[in-house]
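Visitor: Below is the structure, and that's it, no one-letter string:
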Ligand code: GLC
């Protein structure tokens, strides 16, 4: 970028603010993104970004942990089952601040084992963990000097599970990230609140104790706690996962947080800070975008049942096959899968969640090469149609893919993950690369599978039965 052009752009915009260099440097004309404080994504080159994102892109699979005071009511309040996701119970049930904060005196999750949770993530084949350090209820699951409403000061547990997890993740070789609700805080005066039920604008609060100045909340709680999380846990966090920005998160306020993030040049953070910052990763929730996000890193986060935070009666656990197919589908589109567990108030991970994660890990122990570090499919957008009945969380028709297989890629390899085993042979009518040979990834002898060519493509002769009925991987050696 020569200075003359830069100066001209500044004059055009007549605002003495930093432009996003990445946008300015690109050949095509782009709408310059104006950040009062340039984020790392604004200034770094593509090779610098590729280096910073490298481990994350290789990882493909992470563990989300939603754990906090909401695991005590566990979806029930005043004897009534509360609809919706468990971690929102304070909002959906309009629980007064004092009543909700009193839950802390009951929180003593002595069955929590950081070792076991990190070992579970590893056994599942997950490469990183993101835990709710502070969710919308404002309760800090870490030792915070900034605010005493935290697990060390306000509960009989008196331990910092985030510190325990940081020690175990370092020991077991897993990256650790922190979810932080920077904007919504339902127990701190001035914290924002998304509307539920009959809560009224402009604050959508339900208890006068919630009223106050957002700036006071930001300056006395959120920013000091973000500093604590960035500086008190050694090499971690590797990721900061912001959530639910509101209009309160203005560019100026967000810029103050970005100044802190910039002090950690290897940090990865998502697109939910607010204030006009896109961060590093798109975060589709409970869905898989049909074409992924070409040109952006992205991560689909999902629950195993229907709630992020523990609900005692939510037994609607997705099948292992569905969860595995989601992982494969997401990888075939170039994304990461952030799959959630919700420990109960004792610190125990629900059995059905453990069982599913171990089963996925078993599959990955045989077929991980088809997922970790792979690139997206070369076969284009898969066939399919938008459902005439199913809607996503935005009320849009859900895309129902019609393929019974997916594909991921690596140098010299095309992986075909077959969900529905064909009888006889597997046919490919488009060949994005020259196919040299084929074998089953689970076959340690790599016995070649017969390949026959025809005018309509190639046919790969398969054994009568799949190696794994959920998904069997055929490897194509390519030029
Ligand atoms: C939504 C929910 C929040 C949850 C998040 C996970 O933003 O508000 O409770 O933590 O999804 O992606």
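Guide: Noted; the coordinates are in hand. Predicted model only: the values in this text are computed from it and were never measured.

Visitor: burial count for the residue nearest to residue 342 when sequence neighbours are not counted?
Guide: Excluding the flanking residues, the one nearest residue 342 by C-beta to C-beta, 6 or more residues apart in numbering is residue 310, at 4.1 Å. Bear in mind the C-beta positions are built from the backbone N, C-alpha and C, glycine included. Counted with other C-beta atoms under 10 Å, the neighbours of residue 310 add up to 27.

Visitor: wait, what's in contact with residue 310?
Guide: If a contact means C-beta atoms under 8 Å, 6 or more residues apart in numbering, then residue 310 has 66-67, 70-71, 74-75, 86, 342-345, 350 as its contacts.

Visitor: can you check residue 341 too?
Guide: 63-66, 117, 120, 304, 349-350, 353, 357.

Visitor: my guess is residue 403 meets residue 384, correct?
Guide: Yes: at 7.1 Å, residue 403 counts as touching residue 384 under the criterion of C-beta atoms under 8 Å.

Visitor: Which residues of the stretch 301-450 of the chain lie near the ligand?
Guide: 301, 308 (C-beta under 6 Å from any ligand atom).

Visitor: where do the strands sit along the stretch 301-450 of the chain?
Guide: For the stretch 301-450 of the chain, applying DSSP state E, counting those that start in this stretch gives strands covering 336-341, 384-391, 397-401, 405-410, 413-418, 425-428, 435-440.

Visitor: Would you convert those strands into TSV that also reports mean pLDDT?
Guide: Shown next, in TSV, are these (pLDDT from 0 to 100):
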stretch	mean pLDDT
strand 336-341	99
strand 384-391	82
strand 397-401	80
strand 405-410	96
strand 413-418	98
strand 425-428	94
strand 435-440	97
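
Visitor: wait, which of these is closest to residue 127?
Guide: Among those, the nearest to residue 127 by C-beta to C-beta is strand 336-341 (9.0 Å).

Visitor: More neighbours: residue 403 and residue 384, which one.
Guide: residue 403 (16 against 12).

Visitor: What about residue 332, how many residues nearby?
Guide: 28.

Visitor: Quick check, it in contact with residue 406.
Guide: Yes: here residue 332 reaches residue 406: they are 4.0 Å apart, a contact under C-beta under 8 Å.

Visitor: Now the common contact residues for those two.
Guide: Common contacts of residue 332 and residue 406 (C-beta under 8 Å, 6+ apart): 377, 382, 417.

Visitor: How about the contacts made by the last one?
Guide: Contacts for residue 417 were tallied using C-beta under 8 Å, 6+ apart; they are 328, 332, 367, 370, 405-408, 471-473.

Visitor: So of those, which two are at opposite extremes in space?
Guide: Farthest pair in the contacts of residue 417, by C-beta to C-beta: 332 and 472, 15.0 Å.

Visitor: Please identify the residues of the stretch 101-250 of the chain in proximity to the ligand?
Guide: Counting by C-beta under 6 Å from any ligand atom, the positions of the stretch 101-250 of the chain adjacent to the ligand are 243-244.

Visitor: All the helices of the stretch 101-250 of the chain, in order from the start?
Guide: 114-123, 161-172, 214-217, 223-231 (DSSP state H, counting those that start in this stretch).

Visitor: Show me what the first one is packed up against.
Guide: With contacts defined as 3 or more C-beta pairs under 8 Å, 6 or more residues apart in numbering; DSSP states H and E, the secondary structure elements packing on helix 114-123 are strand 61-65, strand 128-134, helix 161-172, helix 351-367.

Visitor: tilt between the shortest one and helix 114-123?
Guide: Interaxial angle of strand 61-65 relative to helix 114-123 (axes from the mean of the first three to the mean of the last three C-alpha atoms, to 10 degrees): 150 degrees.

Visitor: So what would you say the end-to-end distance of stretch 105-120 is?
Guide: One end of stretch 105-120 sits 29 Å from the other (C-alpha to C-alpha, to the nearest Å).

Visitor: again, but for stretch 170-178
Guide: Note: stretch 170-178 ends 15 Å apart using C-alpha to C-alpha.

Visitor: list the buried ones in it?
Guide: 170, 174-178 (16 or more other C-beta atoms under 10 Å).

Visitor: Of these, just say which sits nearest to residue 478.
Guide: residue 175 (31.3 Å).

Visitor: State the distance from that closest one to residue 63.
Guide: The gap separating residue 175 from residue 63 is 10 Å, by C-beta to C-beta, to the nearest Å.

Visitor: what touches both of those two?
Guide: Applying C-beta under 8 Å, 6+ apart, one finds that residue 175 and residue 63 are jointly contacted by 128-129.

Visitor: Provide the secondary structure category for the residue in the stretch 51-200 of the chain positioned nearest to the ligand.
Guide: Relative to the ligand, the nearest point of the stretch 51-200 of the chain is residue 87 (4.8 Å; C-beta to the nearest ligand atom). With DSSP: H, G, I helix; E, B strand; the rest coil as the basis, residue 87 sits in helix.

Visitor: before we move on, the earlier item: so which of the contacts of residue 310 is surrounded by the most neighbours?
Guide: residue 70 (30 neighbours).

Visitor: Quick check, that residue in contact with residue 309.
Guide: Yes: at 4.4 Å, residue 70 counts as touching residue 309 under the criterion of C-beta under 8 Å.

Visitor: Identify the contacts common to these two.
Guide: Common contacts of residue 70 and residue 309 (C-beta under 8 Å, 6+ apart): 86-89, 135.

Visitor: which ones are touching residue 152?
Guide: 142-144, 158-160.
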